[in-house]
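Peer 1: Sequence plus the predicted model coming up.
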Amino acid sequence: MTSWLKKIVRHLAFRTGRLRSVYVRLCHPGGLEYAEFLRRHGRYHAIGTRCRINLGANVTNPPYVSLGNNVSLSDCAIPGHDGVVAMLNDAYHVKLDSVGKVDIKDNVFIGHGAIVLPGVTIGPNAVVAAGAVVTKDVMPGDIVGGVPARPISRTDDLVKRLQTQTDALPWAQIIRERADAFDPRVEQELISLRVRYFYPDSAID
């Protein structure tokens, strides 16, 4: 019964853009699926292909945000405006506005807890580290971290480092052969291998 209900809710949500909160609570969509839903109904300026958007990503002004291809948003925050304006308007009897676009190019990852402020362009081929606060443009190929965010490495170097690290893992062959589509059996095998590797004295699988 639940699986049929999920199919119906997913179908209606994708077709109409309605039932978003029910769809999220009931179907728990992964990043790829949720990005596709937002591409159709999220009012973003643009969302490219192969994007991944976590349910916890907080994008307050989607019309000002453009995502290229293969962009991943963790549980980050991307405000499109400066919230202090409303207070200043009342306190100083003025009429102010402070908004800006966020233009995220192809092949960009925004880490958990990162904040991307209005008026910046990121990438392509860039990484924003977890917890970073991005106040200015991130150049192509840079990895930035810190508050405010500044360059700390290059994406090409990260790929080489992770490739060497991955090749040394006991489950490297599974990673190399793993398909793009989610396979619960493969993922469970990976979890078991990792747990035994991380906790060799534990009998828990």
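Peer 2: Perfect, thanks for sending it. Numbers count the residues shown, from 1 in each chain.

Peer 1: And the helices in this protein?
Peer 2: 2-16, 20-27, 31-41, 84-92, 155-167, 172-177, 184-198 (DSSP state H).

Peer 1: Of those, which stretch is the most buried?
Peer 2: Highest mean neighbour count of the helices of the chain: helix 31-41, a mean of 18 (counted as mean count of other Cβ atoms under 10 Å). Every C-beta, even on glycine, is put in place using the N, C-alpha and C of the backbone.

Peer 1: mean confidence for it?
Peer 2: Taken as a whole, helix 31-41 has an average pLDDT of 96.

Peer 1: which strands and helices sit next to that helix?
Peer 2: Counting contacts by 3 or more Cβ pairs under 8 Å, 6 or more residues apart in numbering; DSSP states H and E, helix 31-41 packs against helix 2-16, helix 20-27, strand 46-47, strand 52-53.

Peer 1: Compile those into JSON lines and extend it with columns for mean pLDDT.
Peer 2: Formatted as JSON lines, the helices and strands packed on helix 31-41 follow (pLDDT from 0 to 100):
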{"stretch": "helix 2-16", "mean pLDDT": "90"}
{"stretch": "helix 20-27", "mean pLDDT": "93"}
{"stretch": "strand 46-47", "mean pLDDT": "98"}
{"stretch": "strand 52-53", "mean pLDDT": "98"}
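
Peer 1: Distance of the nearest residue to residue 13 once chain neighbours are set aside relative to residue 34?
Peer 2: In space, and not counting its chain neighbours, residue 13 is closest to residue 23: 3.8 Å by Cβ to Cβ, 6 or more residues apart in numbering. The gap separating residue 23 from residue 34 is 9 Å, by Cβ to Cβ, to the nearest Å.

Peer 1: so who does the closest residue to residue 103 other than its chain neighbours touch?
Peer 2: Nearest residue to residue 103, sequence neighbours excluded (Cβ to Cβ, 6+ apart): residue 121, at 4.4 Å. Residues near residue 121 by Cβ atoms under 8 Å, 6 or more residues apart in numbering: 102, 103, 104, 105, 137, 138.
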